[in-house]
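Undergrad: Predicted model and sequence below, questions to follow.
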Amino acid sequence: MDKHYDRGILMKLESLTADNDWQSLIIYIDSLSNAQFRTAGYMMGERIIPTLCEADVWQLTMKLTEHNSKAFLVTMMKAVVLRIKQGTLSLRSAGSRAFFAMVRNNDVDRKKVLAELLPVIDNAEDVAWLLGKLGIEEGHERLGVLLRVQTTPACYTLFRTLHYIEHERPLLVRTTRFLMQRSDAMGFNLASLIKAYYGLDEVTGTFSLHIEPYEFARLANSYEAFSRAMSL
């Protein structure tokens, strides 16, 4: 496709989004050929989203996802992630709440959103907030979501989640072994904490973390204490 035609698509997208004419935007995108449609999707993420105000970002993301989540959701979420990293988009806003409410009952879309957002959230409160907004319940469901996320806020949320299943010792053991097998330092350190905290003598290995008993009480209630323990 020649560059002049690309500019034509971009100018049309810019015009429609500037007017917040979401319905006409969707009609225009649907009128494109397959190749043009892919170009438009790329431009939405790379050229349009970076220029919009926060409210319009979430509104556009919601409208396009509602219309065709398979085509647009991941592209739009990658653009959202970039804005979050830049500090120009808030995870908690009226627009984001409406978007999360829309996708929470679609398991496929919800998994895609979590896969994009969880790795870039830099505080435990927002991790828990997002899981709540997407209807991920405490206990088994949160455990399944968090096991593969390699960030300290996600690890802390996982550690606190274990409180809801602590009576299921075999599950604690399997969780700890899974983290050890992840083969990353953060997973192994978290496994060390869980083994020590719950006294899982069944779990064997060479652990570098050594937590004193008096520190246990603070681990689940202080993110700072947890972070320090993870870095010992």
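TA: All right, it came through fine.
Undergrad: State the number of residues packed around the closest residue to Lys85 other than its chain neighbours.
TA: By the measure of Cβ to Cβ, 6 or more residues apart in numbering, the closest residue to Lys85 outside its immediate chain neighbours is Val120, 6.1 Å from it. For every residue, glycine as well, the C-beta is placed using N, CA and C. By the measure other Cβ atoms under 10 Å, the count of residues near Val120 is 14.
Undergrad: Now do the contacts for Val120.
TA: Val81, Ile84, Lys85 (Cβ atoms under 8 Å, 6 or more residues apart in numbering).
Undergrad: Which element, helix or strand, includes the last one?
TA: Counting by DSSP states H and E, the element that carries Lys85 is helix 54-86.
Undergrad: counting contacts, what elements does that helix pack onto?
TA: With contacts taken as 3 or more Cβ pairs under 8 Å, 6 or more residues apart in numbering; DSSP states H and E, helix 54-86 sits against helix 22-30, helix 34-43, helix 94-103, helix 107-117.
Undergrad: Convert the longest one to CSV, retaining C-alpha atoms only.
TA: Output for helix 107-117, consisting of C-alpha atoms alone and laid out as CSV, is shown next (Å, rounded to 0.1, in the frame of the first residue of the first chain):
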residue,chain,number,x,y,z
ASP,A,107,-13.5,-14.6,29.8
VAL,A,108,-11.4,-14.4,26.6
ASP,A,109,-11.3,-10.6,26.6
ARG,A,110,-10.7,-10.5,30.4
LYS,A,111,-7.7,-12.7,30.0
LYS,A,112,-6.3,-10.5,27.3
VAL,A,113,-6.7,-7.4,29.4
LEU,A,114,-5.0,-9.0,32.4
ALA,A,115,-2.2,-10.3,30.3
GLU,A,116,-1.4,-6.8,29.0
LEU,A,117,-2.0,-4.8,32.2
